[in-house]
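Student: Structure, please.
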Amino acid sequence: MTSTSQTPGSGARAAHPEHLGHVIFITAAAAMGGFLFGYDSAVINGAVEAIRDRYGIGSGTLAEVIAIALIGCAIGAATAGRIADRIGRIRCMRIASVLFTISAIGSALPFALWDLAFWRIIGGFAIGMASVIGPAYIAEVSPAAYRGRLGSFQQAAIVIGIAISQLVNFGILQLADGKQRGTIGGIEAWQWMLGVMVVPALLYGLLSFAIPESPRYLISVGKNERAKEILAEVEGKEVDLDARVAEIQTAMHREHKSTFKDLLGSRFGFLPIVWVGIGLSVFQQLVGINVAFYYSATLWQSVGIDPTASFFWSFTTSIVNIIGTVIAMVLVDRVGRKPLALAGSTGMAIALACEAWAFSAELVNGKLPTTQGVVALVAAHVFVLFFALSWGVVVWVFLGEMFPNKIRAAALGVAASAQWIANWAITASFPSLADWNLSGTYIIYTCFAVLSIPFVLKFVKETKGKALEEMG
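Tutor: Numbers count the residues shown, from 1 in each chain. The predicted model follows:
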């Protein structure tokens, strides 16, 4: 599921559709999958302590319930491409919408802890599908002249989804008098938090009926006339449609279906470039970024901030995440990928070290001393800002560009799998590590941020301004 190459002969590169607003609508509708990705990933933040209290579980079991969705993510991401190639991108979106809806209802009305975990796996599968289908579809329907900007809709939708989930959680908590287990209409607040996702999930499904199928998929199943109609919509009627269809057909015939065997080297298992991609993916997660989105409300409550205020601070970090992402989108093609990654690593290391220092203080009446409390809050926001303006965006740009054409698809799959595994490791380990020593936990994250600097300097090559054919 890769986008097609385009040659000047068809006029594709210079294509400017008459109704750009329609193309933007199509892209935004597809990016709703990214919104759900972000929303579902972060909404659990509001329910962590309530789940612990309701089921009387320890940190280890709690972490398993929170992290288990990532198993579904990995399966969904691994299978989505093949499913979409067989039944189409739009049907794939509809399946993801149904799974998101089922997961939201099931998670909001669990009978026991085991079925809550099951519904989270279902939701994770939908996340995995959305993480693959959205970017692929957007790339396949976007005119070349606008592809970069339209492609950024997916990442923007993810961070907006994270922010909206925290805002909704905050609003629900207000209705429940600041109690996660307070009842609203006979249902506990945390259940409403998980159940509200039904609304964007259904909207995603409805929008899928308002957008066209990918021209690339239609050509692959022999529906060339319908593909021409959609190409005229998204690229403009001045484009030579017969030539465009021929281009896509030629590109599809020439594509090399990369396999796992193509990634193997002679000495260290994988080829060196594959290890670099795995390293980027792993470092992106080992700095502890998902702690900020899965556990921030719990974290602030553990150092004495009341539940309502903790949800407010979770929301503000999500806004900072959006700001950082916008900065990265503006700078990534101007400054370059590598300088942004290095600046981000440096900023994250300093912020994480400050958090480690703040959390090392003894609690006074169940709260951090004023100075340490302020430092912890500021440092947490600075950490998220530096992550968002660097590694949050740059890693995905690197992974899309750094591999040779022959192995790009398979290598990206391995790197993405490594990212899910590292994500799971951080998510599953944080509650137990925090019980052990919260300051020590942040020292570990600081070390990974510091180690990422020499890794980038030594092993990562700048890809700014290079054609994909130059990678190798």
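
Student: Let me see the ranges of the helices in the stretch 51-200 of the chain.
Tutor: Secondary structure of the stretch 51-200 of the chain by DSSP state H, counting those that start in this stretch: the helices cover 59-67, 69-87, 89-108, 113-141, 147-175, 189-195, 198-207.

Student: looking at those, which is closest to residue 440?
Tutor: helix 59-67 (14.8 Å; CB to CB). Every C-beta, even on glycine, is put in place using the N, C-alpha and C of the backbone.

Student: Pull the distance from that closest one to the chain's centre.
Tutor: Mean C-alpha position of helix 59-67 versus that of the full chain (CA atoms, centre = their mean, to the nearest Å) differs by 21 Å.

Student: Give me the helices and strands touching that helix, please.
Tutor: Secondary-structure packing of helix 59-67 (3 or more CB pairs under 8 Å, 6 or more residues apart in numbering; DSSP states H and E): helix 48-55, helix 113-141, helix 408-459.

Student: before we move on, back to that, out of the helices of the stretch 51-200 of the chain, which gets nearest to residue 32?
Tutor: helix 198-207 (4.3 Å).

Student: Which positions within the closest one qualify as buried?
Tutor: 198, 200-201, 204-205, 207 (16 or more other CB atoms under 10 Å).

Student: doesn't residue 163 make contact with residue 319?
Tutor: Yes. At 5.8 Å, residue 319 and residue 163 qualify as touching, with contact defined as CB atoms under 8 Å.

Student: So for these two, which sits in the more crowded spot?
Tutor: residue 163 (22 against 17; other CB atoms under 10 Å).

Student: show me the contacts for that one.
Tutor: 38, 315, 318-319, 321-322 (CB atoms under 8 Å, 6 or more residues apart in numbering).

Student: The residue of the chain positioned farthest from its centre - nearest residue in space that isn't next to it in sequence?
Tutor: Residue farthest from the centre of the chain, counting by CA atoms, centre = their mean, is residue 365 at 38.0 Å. The shortest distance from residue 365 to any non-neighbouring residue, by CB to CB, 6 or more residues apart in numbering, is to residue 304 (7.6 Å).

Student: right, and that neighbour touches residue 372 too?
Tutor: No. In this structure, residue 304 is not within contact of residue 372 by CB under 8 Å, at 10.5 Å.

Student: who's more crowded, those two?
Tutor: Of the pair residue 304 and residue 372, residue 372 is the one with more neighbours under other CB under 10 Å, namely 21 against 16.

Student: Between the two ends of stretch 295-307, how far is it?
Tutor: Stretch 295-307 has its terminal residues 12 Å apart, counting by CA to CA, to the nearest Å.

Student: and the helices and strands packed on helix 59-67, which is most packed in?
Tutor: helix 113-141 (a mean of 24; mean count of other CB atoms under 10 Å).

Student: report the angle between the axes of that helix and helix 69-87?
Tutor: Helix 113-141 runs at 40 degrees relative to helix 69-87, counting by axes from the mean of the first three to the mean of the last three CA atoms, to 10 degrees.

Student: for helix 113-141, packing partners?
Tutor: By 3+ CB pairs under 8 Å, 6+ apart, helix 113-141 packs against helix 20-43, helix 48-55, helix 59-67, helix 69-87, helix 89-108, helix 147-175, helix 215-220.

Student: one more time with 7 Å
Tutor: Contact here means 3 or more CB pairs under 7 Å, 6 or more residues apart in numbering; DSSP states H and E; on that basis helix 113-141 packs against helix 20-43, helix 59-67, helix 69-87, helix 89-108, helix 147-175.

Student: what's the closest of these to residue 425?
Tutor: Short answer: helix 59-67, nearest of those by CB to CB, at 8.6 Å.

Student: Next, the angle from that closest one to helix 113-141.
Tutor: In terms of direction (the same axes, to 10 degrees), helix 59-67 departs from helix 113-141 by 30 degrees.

Student: Can you give me the buried ones in helix 59-67?
Tutor: Buried positions in helix 59-67, judged by neighbour count with 16+ other CB under 10 Å: 59, 61-63, 65-67.

Student: Of all pairs in these, which one is the farthest apart?
Tutor: Longest span within the buried residues of helix 59-67, CB to CB: 59 and 67, 11.9 Å.

Student: circling back: minimum distance to residue 300: which of the helices of the stretch 51-200 of the chain has it?
Tutor: With CB to CB as the measure, helix 147-175 is the member of the helices of the stretch 51-200 of the chain nearest residue 300 (12.2 Å).

Student: Pull out the buried positions in the closest one.
Tutor: For helix 147-175, burial by neighbour count (16+ other CB under 10 Å) applies to 147, 150-170, 172-173.

Student: chain center to it: distance?
Tutor: With CA atoms, centre = their mean, you get 11 Å for helix 147-175.

Student: now that helix against helix 113-141, angle please.
Tutor: 150 degrees.

Student: on that earlier part again, please convert the helices of the stretch 51-200 of the chain to JSON lines, extending it with mean pLDDT and distance to residue 334.
Tutor: JSON lines is the format used below for those (pLDDT from 0 to 100; distance: least, CB to CB, whole Å):
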{"stretch": "helix 59-67", "mean pLDDT": "85", "distance to residue 334": "37"}
{"stretch": "helix 69-87", "mean pLDDT": "84", "distance to residue 334": "31"}
{"stretch": "helix 89-108", "mean pLDDT": "94", "distance to residue 334": "32"}
{"stretch": "helix 113-141", "mean pLDDT": "88", "distance to residue 334": "22"}
{"stretch": "helix 147-175", "mean pLDDT": "84", "distance to residue 334": "12"}
{"stretch": "helix 189-195", "mean pLDDT": "94", "distance to residue 334": "39"}
{"stretch": "helix 198-207", "mean pLDDT": "94", "distance to residue 334": "33"}
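
Student: Pipe those helices into JSON lines and attach distance to residue 234 per row.
Tutor: JSON lines is the format used below for the helices of the stretch 51-200 of the chain (distance: least, CB to CB, whole Å):
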{"stretch": "helix 59-67", "distance to residue 234": "39"}
{"stretch": "helix 69-87", "distance to residue 234": "18"}
{"stretch": "helix 89-108", "distance to residue 234": "14"}
{"stretch": "helix 113-141", "distance to residue 234": "5"}
{"stretch": "helix 147-175", "distance to residue 234": "10"}
{"stretch": "helix 189-195", "distance to residue 234": "36"}
{"stretch": "helix 198-207", "distance to residue 234": "16"}
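
Student: and of those, who's closest to residue 437?
Tutor: Using CB to CB, these put helix 59-67 closest to residue 437, at 12.9 Å.

Student: Determine the next helix or strand in the C-terminal direction from the helix or strand of the chain with the lowest mean pLDDT.
Tutor: Of all helical and strand segments in the chain, the minimum by mean pLDDT, DSSP states H and E falls on helix 296-302, at a mean of 76. Past helix 296-302, further along toward the C-terminus, the next helix or strand under DSSP states H and E is helix 307-331.

Student: What residues of that following helix count as buried?
Tutor: Quick answer for helix 307-331 (16+ other CB under 10 Å): 307, 310-322, 324-329, 331.

Student: Quick one: low-confidence residue ranges for the stretch 301-450 of the chain.
Tutor: For the stretch 301-450 of the chain, residues meeting the criterion pLDDT under 70 lie at 405, 409.

Student: picking that back up, out of the buried residues of helix 59-67, the closest to residue 44 would be?
Tutor: Of all those, residue 66 has the smallest distance to residue 44: 5.9 Å, by CB to CB.

Student: The closest one contacts residue 46, correct?
Tutor: No. Contact criterion CB atoms under 7 Å: residue 66 and residue 46 do not qualify, at 11.9 Å.
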